[in-house]
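Participant: one predicted model, sequence on top.
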Amino acid sequence: MAHRAWFPERLTGRLVELRRHVPENLAAFERWYSDPEVARLTRYQDGPMRREEVERFFHLRVVGPDSLALAVHVLETGRLIGTCAISQLDGDNGSAMYHITIGELDAWGHGYGTEATRLMLGHAFEGLGLHRISLSVFEFNQRAIRSYVSCGFTIEGRARESIWRDGRWWDELMMSILASEWSDRSTEPRTPAPRERARATVES
Ligand SMILES: CC(C)(COP(=O)(O)OP(=O)(O)OC[C@H]1O[C@@H](n2cnc3c(N)ncnc32)[C@H](O)[C@@H]1OP(=O)(O)O)[C@@H](O)C(=O)NCCC(=O)NCCS
């Protein structure tokens, strides 16, 4: 069974540090998830979460005893900018789902989320010994798709026209990465994937 003890106190990268969430982080969650732009990218429902929904989510999924969520902090300043998690841990099949929200809008596009995802994948595959990590992402969220591709995720399916947003239908993409793909990548030099390669995979 999933247990918080499976997660280290912190995972440290070059740009960010992932730390256990503390109860005081609730205020940041309330701010992040009441933002319409964050809601547009992360929610099936049209519009932000209500305050009581955020509180329930935080207590159950973020600081709850079985949660596998970590806070994303900027390494240099310690600033809390987001959260990432694995969920639906399936021990029989070695699989789990991955989620990330950088909730501070001015922290988007600086590589923080991408590094947080790499740290989580490293822990999931090398620490927890998982076999497969999957996620879903809305087709219009190109920043997220590029970030996931650069971490090694592959598009494996799409739920066609399942999201109504901004006055039109969009697909929801299913992406995954396997342990073997992660270990192949981790023996490669640690330079970012070339933009062209990422773009080609997104468009295939
Ligand atoms: C998605 C998210 C985790 C990405 O993390 P990030 O640190 O902002 O991403 P990066 O700065 O590493 O950028 C990732 C890629 O997107 C590109 N990018 C940046 N801004 C972009 C934009 N406005 N549109 C399209 N691509 C963009 C970057 O150039 C980079 O691509 P490259 O590797 O080919 O150069 C983060 O932005 C986030 O949490 N956003 C809000 C919530 C969300 O969308 N969560 C995911 C739901 S599935």
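Facilitator: Here it is on my side, so go on. Numbering: from 1, shown residues only.
Participant: report the mean per-residue pLDDT for stretch 136-149.
Facilitator: Stretch 136-149 comes out with an average pLDDT of 98.
Participant: same thing with stretch 179-199?
Facilitator: So the average pLDDT for stretch 179-199 ends up being 65.
Participant: before we move on, what about stretch 6-21?
Facilitator: On average, the pLDDT along stretch 6-21 is 92.
Participant: do stretch 120-131 as well
Facilitator: pLDDT averaged over stretch 120-131 gives 96.
Participant: buried residues in that stretch, which are they?
Facilitator: 120-121, 123-125, 128, 130 (16 or more other CB atoms under 10 Å). C-beta coordinates here come from the backbone N, C-alpha and C atoms, glycine included.
Participant: then stretch 103-122?
Facilitator: Residues 103-104, 107-108, 111-121 are the ones in stretch 103-122 that count as buried (16+ other CB under 10 Å).
Participant: return the member of those nearest to the ligand.
Facilitator: Closest to the ligand out of the buried residues of stretch 103-122 is Gly113 (2.2 Å), distances taken as CB to the nearest ligand atom.
Participant: relative to Ala71, how far out is that closest one?
Facilitator: According to CB to CB, to the nearest Å, Gly113 stands 13 Å off from Ala71.
Participant: swap in Ile177?
Facilitator: For Ile177, the distance to Ala71 equals 23 Å [CB to CB].
Participant: compute the number of surrounding residues for the closest residue to Asn141 other than its chain neighbours.
Facilitator: Closest residue to Asn141 apart from its sequence neighbours, by CB to CB, 6 or more residues apart in numbering: Leu41 at 5.1 Å. Residues near Leu41, counting by other CB atoms under 10 Å, number 17.
Participant: list the contacts of Leu41.
Facilitator: 138, 141, 144 (CB atoms under 8 Å, 6 or more residues apart in numbering).
Participant: any idea which helix or strand carries the most centrally placed residue in the chain?
Facilitator: The C-alpha lying nearest the average C-alpha coordinate of the chain belongs to Ile100 (CA atoms, centre = their mean; 2.5 Å). Assessed by DSSP states H and E, Ile100 sits inside strand 95-102.
Participant: hang on, the earlier thing: quickly find the element holding the closest residue to the residue nearest to the centre of the chain other than its chain neighbours.
Facilitator: Closest residue in space to Ile100, ignoring its immediate chain neighbours: Cys84 at 4.1 Å, by CB to CB, 6+ apart. For Cys84, the element it lies in under DSSP H and E is strand 80-90.
Participant: narrow the buried residues of stretch 103-122 to those in helices?
Facilitator: Using DSSP state H, the subset of the buried residues of stretch 103-122 located in helices is 112-121.
Participant: within reach of the ligand, which of those are there?
Facilitator: 112-114 (CB under 6 Å from any ligand atom).
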